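Undergrad: please find the sequence and the predicted model below.
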Amino acid sequence: MSMFERTRTGLREMPSNAAWLLARALQPAEALGDVAAGARDQGRKLTATVVDAAPVGDSVEIRARRAHDAAERAREAEERAVDAARASKELADRAREVSEQGHAHVKEIDREVTRQAKQRVAEAQKAAEEFVKRERQAAEADAEEQRQEVEEEVEEEVAEAENDAEASQRRAEELVEDAAEALAEARRLADEAAMAARSAAQEANRQAEQLQNEAKQRASEAEVRVEAAEALRERAAATAKHTARELDRETTNGGLDAYKKPELVELAASIGIEERTKMTKGELVDAITKAARRRASQGASS
């Protein structure tokens, strides 16, 4: 019974101690109470499991021995757990130390980096200020040089423009004088042209009156000539009719052949035969005969 009681006591206390060591190594101090309570529950469950696992028909001594053996194994496991807990705690302490050293190193690096960054920024600002100063001085020097160059160019352009303006003014004055002379000449020529125009107009009026009188006279003469032409036409027609009658009385051309060529030309003219002077005597006889017959036929029809 004493062995059995010791076994039960060891079984009850072993999980609690192992849990305490593990909790000390792995959990913070404020969580130890919860871990211990959980370890007691696990011990109770383990004890119940050992008791339930024992055969029903075995004696109490056999069960106690088995429990004792299980307790020994539990103690060995507890010792291994304690060793593991110690190693874990050492590792945790080492990890904590490394973490603290790492944090300290990080803070130191952060401070050093911040210091270096500030130093670099200050150096960069200083270099930038010096660069800006040099660039400003160079820009001002370039601007001054360009300004002087532009002023010189402007002065040259102004002087050239003034010279051009003076030359242009002289040329304009010369052109004004030339224009005044040309205007005076134009006025003189205009006066002469006006006088010539008036004279020409008067002469034109005189010639127009003369032409009008001549036209009237020519119109009168033309009327006389028209009347004479009408009379001549009537006489020519009468002569043509007479000639045609005379020719109609001729049975052959023997009557016209007796005429001489000048007489035939005159006869051809009386009846209006063209190109009579270029014809031969025979051609005149034929042309006169045909014209006389044509006139005769026209007279008969009218």
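TA: Yep, that arrived. Numbering: from 1, shown residues only.
Undergrad: does residue 276 belong to a helix, a strand or coil?
TA: Judged by DSSP: H, G, I helix; E, B strand; the rest coil, the three-state class of residue 276 is coil.
Undergrad: residue contacts, the residue lying closest to it once chain neighbours are set aside?
TA: For residue 276, ignoring the flanking residues on the chain, the nearest one in space by C-beta to C-beta, 6 or more residues apart in numbering is residue 268 at 4.0 Å. All C-beta atoms are positioned from the backbone trio N, CA, C, and that covers glycine. By C-beta atoms under 8 Å, 6 or more residues apart in numbering, the contact set of residue 268 is 276, 279, 284, 287-288, 291.
Undergrad: hmm, which of those residues is lowest in pLDDT?
TA: For the contacts of residue 268, the least confident position by pLDDT is residue 291, scoring 83.
Undergrad: any idea how far the residue nearest to residue 276 lies from residue 124?
TA: Between residue 268 and residue 124 the distance, using C-beta to C-beta, to the nearest Å, works out to 133 Å.
Undergrad: repeat for residue 92
TA: The separation that residue 92 has from residue 124, given C-beta to C-beta, amounts to 45 Å.
Undergrad: who has more neighbours out of these two?
TA: In this view residue 92 and residue 124 are compared by other C-beta atoms under 10 Å, and residue 92 has more residues nearby, 15 against 11.
Undergrad: mean confidence for stretch 104-111?
TA: Average pLDDT, stretch 104-111: 89.
Undergrad: flag the shaky bits of the stretch 151-300 of the chain, pLDDT-wise.
TA: Counting by pLDDT under 70, the low-confidence segments of the stretch 151-300 of the chain come to 225-226, 228-229, 231-233, 235-255, 299-300.
Undergrad: repeat that with 80
TA: Filtered on pLDDT under 80, the stretch 151-300 of the chain yields the residue ranges 176, 179, 215, 218-257, 292-293, 295-300.
Undergrad: how about the helices in it?
TA: If DSSP state H, counting those that start in this stretch is used as the criterion, the helices of the stretch 151-300 of the chain fall at 254-257, 261-270, 281-301.
Undergrad: buried set for the second one?
TA: Meaning helix 261-270. For helix 261-270, the neighbour count (16 or more other C-beta atoms under 10 Å) marks 264-265, 267-268, 270 as buried.
Undergrad: of those, which is the nearest to residue 222?
TA: Looking at those and their distance to residue 222, the nearest is residue 270, at 23.8 Å (C-beta to C-beta).
Undergrad: against residue 276, how distant is the closest one?
TA: Look at residue 270 and residue 276: by C-beta to C-beta, they are 10 Å apart.
Undergrad: swap in residue 173?
TA: Spatial separation of residue 173 from residue 276 under the definition C-beta to C-beta is 82 Å.
Undergrad: what does residue 206 give?
TA: Residue 206 is 46 Å from residue 276, by C-beta to C-beta.
Undergrad: which of the two has more residues huddled nearby?
TA: When residue 206 and residue 276 are compared for neighbours, residue 276 comes out ahead with 19 against 10, by other C-beta under 10 Å.
Undergrad: ok, the more buried one - contacts?
TA: Residue 276 makes contact with 265, 268-269, 284, 287 under the criterion C-beta under 8 Å, 6+ apart.
Undergrad: cutoff 10 Å now
TA: With contacts defined as C-beta atoms under 10 Å, 6 or more residues apart in numbering, residue 276 is in contact with 261, 264-269, 283-284, 287-288.
Undergrad: with residue 265 instead?
TA: Under the criterion of C-beta under 10 Å, 6+ apart, the neighbours of residue 265 are 259, 273, 276-277, 279, 281, 284, 288.
Undergrad: could you rerun that using 7 Å?
TA: Contact criterion C-beta atoms under 7 Å, 6 or more residues apart in numbering gives 276-277, 284 as the residues in contact with residue 265.
Undergrad: between the residues you listed, which is nearest residue 104?
TA: For the contacts of residue 265, the residue nearest residue 104 by C-beta to C-beta is residue 277; the value is 153.7 Å.
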